Structure formats: structure tokens, C-alpha cells
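A.B. asks: what's the 3D shape of this:
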Amino acid sequence: MLVFLSATLYGFALTQPALNSGDQAYTGWDCLRSGLLDMVAWYANPLLLFAWILILCRNWLGAPIAACSLAAAISFTGLTPSRGDLGELRLGYWLWMASISVALVAGLAVAIASVVEESRRTRETMSV
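C.D. replies: Numbering: from 1, shown residues only. Below is the predicted model:
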């Protein structure tokens, strides 16, 4: 369910203005298509897709991949020099961040469930 919510937020992010640069507004789709001049933040997109696949396969690796996606996306906030002078962040950017954050929560849920299941198996094996 959380992967569906994440994908829905991502879809909405593509349709909304993501940033303004000067007098130009860019939608999420524009940013995805152009790769934003090969910025690190663009790589959050394929990482997010990979995380969704892993989470849907119930693989604990979805959590660290989603975390890497979030780290790449955060690199665009201006906290790092990679953003340059791109201007104001808009709704599309924040929906994109929400999408990645929800994927991270889903990945953490799968990872926790995986640890609990492994612990249960270990206890069953030791008690036999």
C-alpha cells in the first residue's frame, strides 16, 4: 500500500511545477526529462524505482536504496553546492520528496519485518 502511495505522489510530482529559475517554471516532468544538467539529485529517480521493486519483492535492501534516493534528492535543496542557482523550489519538488520519504518508510517496514521473521526462524531452529 505504501509503494502505491509513493508512486501516486511521484505521479503528481511530475505534473506540478517543481522549481522556478528566473522567469521560467519547470514541472517535475521537465526536470525528469532533462536530467537537470546531470545533477546528483536526478539519480534519486532510478534509485526510487529500484527501491520500489525491491520493496514489492519484500527485500530488505529496499530501505537502504530508498535512503540513498532520499540523500540524492536532498542534495538539490541548496544544502550542497550541486544545485547552483536554480531558484525557488515548488510543490512538485516537495511531492517528489514526499514520494521518496514514503518509499523509505515502506522499505523500513519491510526491513523490520524481515528481521522479525529471521529472528522467529532462528528461535524455532534453536528450540527443535
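
A.B. asks: just the pLDDT for Trp29.
C.D. replies: Trp29 carries a pLDDT value of 87.

A.B. asks: what is the neighbour count of it?
C.D. replies: Trp29 has 14 neighbouring residues, counting by other Cβ atoms under 10 Å. Every residue, glycine included, has its C-beta placed from N, CA and C.

A.B. asks: which element is the closest residue to it other than its chain neighbours on?
C.D. replies: Nearest residue to Trp29, sequence neighbours excluded (Cβ to Cβ, 6 or more residues apart in numbering): Leu14, at 4.5 Å. Per DSSP states H and E: Leu14 is located in helix 2-15.

A.B. asks: packing partners for that helix?
C.D. replies: helix 28-34, helix 44-56, helix 91-127 (3 or more Cβ pairs under 8 Å, 6 or more residues apart in numbering; DSSP states H and E).

A.B. asks: count the neighbours of the residue nearest to Trp29 for me.
C.D. replies: Leu14 has 18 nearby residues by other Cβ under 10 Å.
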